[in-house]
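*Asks:* next comes the sequence, and after it the predicted model I'd like to discuss.
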2 protein chains.
Amino acid sequence: WGGLLLKAWKFLEKAWGIANSEPKKVVHGLKVGLALTIVSIFYYMRPLYEGVGGNAMWAIMTVVVTFESTVGATFYKCVNRVIGTSLAGCLGIGVHWIAAESGDKFEPIILGISLFLLASAATFSRFIPSVKSRFDYGAMIFVLTFCLVSISGYRVEKLLELARTRISTIAIGTSLCIFVSMLFCPIWAGSQLQSLTARNLDKLALSLDGCVCEYFENDDDTGEMKNEDQKNNNSKVEGYKCVLNSKASEESMANFARWEPAHGRFGFRHPWKKYLEVGGVMRKSAYCIEALHGCLNSEIQAPNSLKLHLAEPCKALSSSSSQVLKELSIVIKKMKKSTKIDFLVSNMNIAVQELQNAIKSLPSTQMEVSLSEQDHQEANNEDHHKATTAATIPPLMELLPLATLVSLLI
Amino acid sequence: WGGLLLKAWKFLEKAWGIANSEPKKVVHGLKVGLALTIVSIFYYMRPLYEGVGGNAMWAIMTVVVTFESTVGATFYKCVNRVIGTSLAGCLGIGVHWIAAESGDKFEPIILGISLFLLASAATFSRFIPSVKSRFDYGAMIFVLTFCLVSISGYRVEKLLELARTRISTIAIGTSLCIFVSMLFCPIWAGSQLQSLTARNLDKLALSLDGCVCEYFENDDDTGEMKNEDQKNNNSKVEGYKCVLNSKASEESMANFARWEPAHGRFGFRHPWKKYLEVGGVMRKSAYCIEALHGCLNSEIQAPNSLKLHLAEPCKALSSSSSQVLKELSIVIKKMKKSTKIDFLVSNMNIAVQELQNAIKSLPSTQMEVSLSEQDHQEANNEDHHKATTAATIPPLMELLPLATLVSLLI
């Protein structure tokens, strides 16, 4: 019993920690509670209850099932639910009519076969990528509704009545979901994607800086201040690991963001795919940093003289490129074209040149650090690349935020 | 119209391609159709229909919602659905009893407040990682059922009757799902995870080989045979990219695999987490190969004399380590401890030694390839690591497959 209590206590502590660090999640919980309470009022009030018959249940189910934490996800599910239900409803009534025409004997057979075929086809279609990313949930609802309609048709007399109440309850549920999720502290998938991208850029910059510094300062350190500082540093340096694993969440957010209506500084046709491209490039540079990080703990180390020779240009390069990264992060956060970015990029290019000169000027006896150098070069190529992708975003973004900013400032 | 038809045609072509390359998906579609047809028979046959009342619908919903493509996922949803429904049902009846005792006036208020609190708490709990990975769906069903019960209690007289039919229909639906998904061509999440891991190991081996060969042969090539060969080669070399992005699917499969009952060569407490560990190590070595791959297209190339000097040991190392990878892939596929693995690993270690010697024997004027060398070292360290993780798996695995193999061979 003691163990069980302890476990429960730990669980509560963890939950409290999450609630403290991410109040948005608590807000989402409260919003679901609110939406459900509102929808249950339909049930308590007699006039409303009479309106939709005993099927108020469907409205509740709709709320429970479609209310997601981001506005985009809620939209996606609501739209899918409505489309799937209406399509399947029409088709179901059609099939039912055909079956009813063909006599009592064949009716169940026709219904059964059509059910089997349509359910199989719809389930299979959920594996097709283009359907999966947009209409996965809709296909499921399609199967569900078609089953209900084609089967109920066999027993229930008032099929059209059933269809009407089902559609009206679903309409009530979905519109309630959308209102609640948009009116009370909305959590937009789009802005989450944006801040995730900006945060990841910052982390990359920190990691890059930290890695290079550590590499060149490793040997000069005395053992004293190492422990505390290094721990602190390590957590910074390993920030790139988040970037490595962010692909899945980025993709789902971009997917949901497409469903969101225009809000804040995001217009209707905001280029969400660009974020995915930036994310891909970021992941590539994270791989480079991973390789750099590997050199820190590698057995083979360059001779010290060489390190000293290359330390300056390498550090200059890393700091200039991490500045570019930070600036890009600000660009993405503010969605304005930065005035500094061109200057910083050219700075970085100069640093690359200097490093190359330093390498060429080396007596070619000592080339071992070329390792870290080459990786840098790569990181830089990618920074360039990122700079160019990012540079393609601002023109698209500029129009939207400027327009909205102006309208806000009036 | 022409454009629309063309699109539809392309869509069908794509679907056909998927159906051809992965017949399992078609089979899954057919299985869902079958399960739904069986469950709808309940509705057509009068005695069965009378048994569960008009609520046969719930059985259909259960089938549509819980039938997933792998056995593990189906189990997960069924178990969650049953647990969530029964818990919420009990709690709902309890709350309803309290509310009914406290008089007509307070009844809706008490019901509303308890609904709000419980729905908020359950929704929030879905964000807690330990709940999310195991009971995400259960929490949703809990909210749904609690709502239905507490609300229906206000209008429906026979609450216990409602609960009974709901539970029996869900039992029918879940047992049908589990039977169909296990009896007709079952698709086990566990064996999919296993084959994914083995395939990824193979891909890594090919990429490693391809990368190193390409690096050293780049310059000797005449331009003729390049085009066709290189395309062929490129697809091999870039196999590691699949490995980079396999994290999410591995995790979900391992998560579902835990729910699966013992089957084939997989025992009840099969160490699924080990697969995740192996996957993590694989991803790390894929990062290394990414870095290696970067060198292929790097601007700075080592002088040819140096390349020639190091070509042999590097190739030997890469071929020996890719042999280790292939052997590991076989080990995972067959789940038997390989007799060759120790020999291959020691072979690889010898190759590492030789490469290090070759580097030391170099006139230290030419050290530039140390880049590819260091990365190799890393790849090797990781192979070692993998060898050790893989070596920890077999002892665990040995017992299970040996026992089942023996019982199969009798």
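*Replies:* Received, thanks.
*Asks:* contacts, neighbours, all on C-alpha from now
*Replies:* Noted.
*Asks:* what's the neighbour count on the residue in the stretch 201-350 of chain A positioned nearest to chain B?
*Replies:* Across the stretch 201-350 of chain A, no residue is closer to chain B than A:Y287, which sits at 5.7 Å (Cα to the nearest Cα). Neighbours of A:Y287 under the rule other Cα atoms under 10 Å in any protein chain shown: 25.
*Asks:* quick one: secondary structure of the residue lying closest to it once chain neighbours are set aside?
*Replies:* Excluding its sequence neighbours, the residue lying closest to A:Y287 (Cα to Cα, 6 or more residues apart in numbering or on different chains) is B:Y287, at 5.7 Å. Using DSSP: H, G, I helix; E, B strand; the rest coil as the criterion, the local structure at B:Y287 reads helix.
*Asks:* do you know the pLDDT at B:Y287?
*Replies:* Turning to B:Y287, the model gives it a pLDDT of 70.
*Asks:* so it touches A:R283, yeah?
*Replies:* No. Taking contact to mean Cα atoms under 8 Å, the distance of 10.5 Å between B:Y287 and A:R283 leaves them out of contact.
*Asks:* show me what contacts the closest residue to A:G190 other than its chain neighbours?
*Replies:* By the measure of Cα to Cα, 6+ apart, the closest residue to A:G190 outside its immediate chain neighbours is A:A257, 4.8 Å from it. Counting by Cα atoms under 8 Å, 6 or more residues apart in numbering or on different chains, A:A257 makes contact with A:72-73, A:188-190, A:272.
*Asks:* run the last query once more with 10 Å
*Replies:* Taking Cα atoms under 10 Å, 6 or more residues apart in numbering or on different chains, we find A:A257 in contact with A:70-73, A:75-76, A:188-193, A:251, A:266, A:270-273.
*Asks:* also A:F184?
*Replies:* Contacts were defined as Cα under 10 Å, 6+ apart; by that measure A:F184 touches A:27-28, A:30-31.
*Asks:* quick check: it vs A:L30, distance?
*Replies:* Distance of A:F184 to A:L30, given as Cα to Cα, to the nearest Å: 10 Å.
*Asks:* mind listing the helices for the stretch 1-150 of chain A?
*Replies:* Along the stretch 1-150 of chain A, the segments classed as helices by DSSP state H, counting those that start in this stretch run A:2-21, A:23-44, A:46-52, A:56-66, A:71-101, A:103-125, A:129-155.
*Asks:* now tabulate those helices in JSON lines and tack on mean pLDDT.
*Replies:* Below are those laid out as JSON lines (pLDDT from 0 to 100):
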{"stretch": "helix A:2-21", "mean pLDDT": "83"}
{"stretch": "helix A:23-44", "mean pLDDT": "81"}
{"stretch": "helix A:46-52", "mean pLDDT": "57"}
{"stretch": "helix A:56-66", "mean pLDDT": "78"}
{"stretch": "helix A:71-101", "mean pLDDT": "85"}
{"stretch": "helix A:103-125", "mean pLDDT": "82"}
{"stretch": "helix A:129-155", "mean pLDDT": "79"}
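*Asks:* highest mean neighbour count out of those?
*Replies:* Burial of those is given as mean neighbour count (mean count of other Cα atoms under 10 Å in any protein chain shown); helix A:56-66 ranks first at a mean of 23.
*Asks:* tell me what it is packed against?
*Replies:* Here helix A:56-66 touches helix A:23-44, helix A:46-52, helix A:71-101, helix A:159-183, helix B:129-155, going by 3 or more Cα pairs under 10 Å, 6 or more residues apart in numbering or on different chains; DSSP states H and E.
*Asks:* so it versus helix A:23-44, what angle?
*Replies:* With axes from the mean of the first three to the mean of the last three Cα atoms, to 10 degrees defining the directions, helix A:56-66 sits at 170 degrees from helix A:23-44.
*Asks:* okay, the angle between helix A:56-66 and helix A:71-101?
*Replies:* Relative orientation of helix A:56-66 with respect to helix A:71-101: 140 degrees, computed using the same axes, to 10 degrees.
*Asks:* pull helix A:56-66 out as PDB, backbone CA atoms only.
*Replies:* Written as PDB, here are the backbone C-alpha positions of helix A:56-66 (Å, rounded to 0.1, in the frame of the first residue of the first chain):
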ATOM      1  CA  ALA A  56     -28.100  14.800 -28.000                       C
ATOM      2  CA  MET A  57     -25.500  12.100 -27.300                       C
ATOM      3  CA  TRP A  58     -24.000  12.700 -30.700                       C
ATOM      4  CA  ALA A  59     -23.200  16.300 -29.900                       C
ATOM      5  CA  ILE A  60     -21.400  15.200 -26.800                       C
ATOM      6  CA  MET A  61     -19.500  12.500 -28.700                       C
ATOM      7  CA  THR A  62     -18.500  15.100 -31.300                       C
ATOM      8  CA  VAL A  63     -17.100  17.400 -28.600                       C
ATOM      9  CA  VAL A  64     -15.100  14.700 -26.900                       C
ATOM     10  CA  VAL A  65     -13.700  13.300 -30.100                       C
ATOM     11  CA  THR A  66     -12.900  16.400 -32.000                       C
END
